[in-house]
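Asks: Generate coordinates for the sequence data below:
(chains A and B, ligands or ions: 1)
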Amino acid sequence: MSDPEKWLANWRAAGAWSLSRHDLAKEGLLASAFLPTKAILNCAKELKEANFSLLDLSALETQEGFVVTYHFDSLNEPGRLAFRALVPHKKPHLPSLYDVFQGAEWHERETADFFGLIFDQNPNLIPLLLADDHYGPPPLRKNPADLAPLKKLGLLGSFEILDPDFGALIGEDSQKESQS
Amino acid sequence: MAASKKLLTPPPPPKAKSWVEPPLINLKPVNWFFDVNRAMSLWPITFGLACCAIEMMSASMARFDIARFGAEVFRPSARQADLMMVTGTVTKKMAPVLTRLYEQMPAPKYVMACGNCAISGGPFKFEGQYGVVEGVDQLIPVDVYVPGCPPRPEAILEGVFKIQEIITGHRFWPEPREMA
Ligand code: SF4
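Replies: Residues are numbered from 1 along each chain as shown, chains lettered A, B, ... in the order given. Prediction:
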């Protein structure tokens, strides 16, 4: 079992907004964090050096912006890790993980297709699943009126909030056990 | 970005002429002879697009044995095929490939739309769908429609009989008792 504390310490040093410890049996994750977008690339590099691979990359639209989730797993020892980033609607830019995990390119193209996120430094950000001549807004974008606030999403596991601004956004103030 | 622009705009299509050569000996019995030969050795192109393709494979295997009716030579090249069974969902991404393959098939050629997806979009036809061509007949002319989601292999065989009937004007096989 990989040691979640090591990663939590790493993410804390990288300026994470919140950290969560999870029950692997219940939630399928060991640990997760909300990271500022500028820390993503470095954290992914650290995981790559520890022989982790990128499982998937997905996005979810909320009132405050897109929550982009990266899942990692190691083939050497059990234990899945995740980190999330909050990308504002106005400037939907994220660093590309192409330099670290080459396979991220396709995941990023797919996410770009459906949400209109822009992954800087992705060498080939053309539509993957949509037709080249797709017309109109990204298909999974919602009506602004239908969007749920980030508060509704909440945080899972036993979490601690490191950034008070983020705590206000997600509607939790400090260290707390969540019910789920 | 300039590179992706280039990829996004397809080159103009080359000017193509298409024609069907008149028969060498234009006598009714001779043409009929060729037509029967043609009908009894349809060469379908391997063109499974989604779940319906499983039924096409099943129809070509020992249990349903499409070989009894002469249509078992699935060709991986459009240039060697004269029957296109569109088995599955035609996405907008696939549409250019489909038309291209159809155009590469030498005439006389026949198209069978297998399954609700190929006929009308099937379960993927709903308001706001963005990725599916609602019916392959919007792209290429269709000779026989085989409904079902998916159609049973017997239905696909029946579709082949119908195409043989279109070619020769004659049904060679007995009607199944339930249908008669
Ligand atoms: S018609 Fe039904 S079985 Fe056939 S490809 Fe569409 S969804 Fe699949």
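Asks: could you point out the longest helix in chain B?
Replies: Longest helix of chain B, by residue count under DSSP state H: helix B:153-168.
Asks: which residues sit against that one?
Replies: Where contact means CB atoms under 8 Å, 6 or more residues apart in numbering or on different chains, the residues beyond helix B:153-168 that reach it are B:32, B:35-36, B:38-40, B:42, B:55-56, B:58-59, B:63-64, B:66, B:69, B:71, B:83, B:85, B:108, B:110, B:112, B:114, B:143-144, B:146-148, B:151, B:171-173, B:176. Placement of C-beta: from N, CA and C, glycine included.
Asks: if you set the cut-off to 7 Å instead, what comes out?
Replies: With contacts defined as CB atoms under 7 Å, 6 or more residues apart in numbering or on different chains, helix B:153-168 is touched by B:35-36, B:38-39, B:42, B:55-56, B:58-59, B:64, B:66, B:69, B:71, B:83, B:110, B:112, B:114, B:143-144, B:146, B:148, B:171-173.
Asks: Now intersect those with the strands, please.
Replies: With strands identified by DSSP state E, the entries of the contacts of helix B:153-168 that belong to them are B:Leu83, B:Tyr110, B:Met112, B:Cys114, B:Val144, B:Val146.
Asks: Would you mind listing what in chain A touches chain B?
Replies: A:Asn124, A:Leu125, A:Ile126, A:Leu129, A:Leu130, A:Ala131, A:Asp132, A:His134, A:Pro139 (CB under 7 Å from any CB of the partner chain).
Asks: Select from these the one having the most neighbours.
Replies: Going through the residues of chain A next to chain B with other CB atoms under 10 Å in any protein chain shown as the criterion, the one with the most neighbours is A:Leu130, at 22 neighbours.
Asks: ok so, going back, now, the contacts of helix B:153-168 that are in helices?
Replies: Secondary structure of these is defined by DSSP H; positions in helices are B:Asp35, B:Val36, B:Arg38, B:Ala39, B:Glu55, B:Met56, B:Ser58, B:Ala59.
Asks: From those residues, keep the buried residues only.
Replies: Buried residues within these, defined by neighbour count using 16 or more other CB atoms under 10 Å in any protein chain shown: B:Asp35, B:Arg38, B:Ala39, B:Glu55, B:Met56, B:Ser58, B:Ala59.
Asks: quick one: contacts for the third one?
Replies: So that's B:Ala39. B:Ala39 sits in contact with B:Gln164, B:Ile167, B:Thr168, where contact means CB under 7 Å, 6+ apart.
Asks: Let me know the outermost residue of chain A.
Replies: Note on chain A: the largest separation between a C-alpha and the mean C-alpha position, by CA atoms, centre = their mean, falls on A:Asp133 (28.9 Å).
Asks: With A:Ile126 as the reference, measure out to that residue.
Replies: To A:Ile126, A:Asp133 is 12 Å away according to CB to CB, to the nearest Å.
Asks: again, but for A:Lys38
Replies: On the measure of CB to CB, A:Lys38 and A:Ile126 end up 26 Å apart.
Asks: now do A:Ser18
Replies: Taking CB to CB, one finds A:Ser18 at 34 Å from A:Ile126.
Asks: cool, A:His107 as well?
Replies: Going from A:His107 to A:Ile126 by CB to CB gives 14 Å.
Asks: what's the answer for B:Met94, then?
Replies: Counting by CB to CB, the gap from B:Met94 to A:Ile126 is 16 Å.
Asks: And for B:Gln80?
Replies: For B:Gln80, the distance to A:Ile126 (CB to CB) stands at 32 Å.
Asks: again with B:Gln104
Replies: Counting by CB to CB, the gap from B:Gln104 to A:Ile126 is 25 Å.
Asks: which intervals of chain A have sub-threshold pLDDT?
Replies: Applying pLDDT under 70 to the predicted model, the residue ranges of chain A that meet it are A:1, A:173-180.
Asks: could you dump the longest helix along chain A to CSV, C-alpha only?
Replies: For chain A, the longest helix by residue count, based on DSSP H, is helix A:104-115. Output in CSV follows, covering the C-alpha atoms of helix A:104-115 (Å, rounded to 0.1, in the frame of the first residue of the first chain):
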residue,chain,number,x,y,z
ALA,A,104,-2.8,12.4,-21.3
GLU,A,105,-3.0,14.0,-24.7
TRP,A,106,-6.1,12.0,-25.7
HIS,A,107,-7.9,12.6,-22.4
GLU,A,108,-7.2,16.3,-22.7
ARG,A,109,-8.5,16.4,-26.2
GLU,A,110,-11.7,14.6,-25.1
THR,A,111,-12.2,17.0,-22.2
ALA,A,112,-11.5,19.9,-24.5
ASP,A,113,-14.1,18.6,-27.0
PHE,A,114,-16.9,18.4,-24.5
PHE,A,115,-16.2,21.3,-22.1
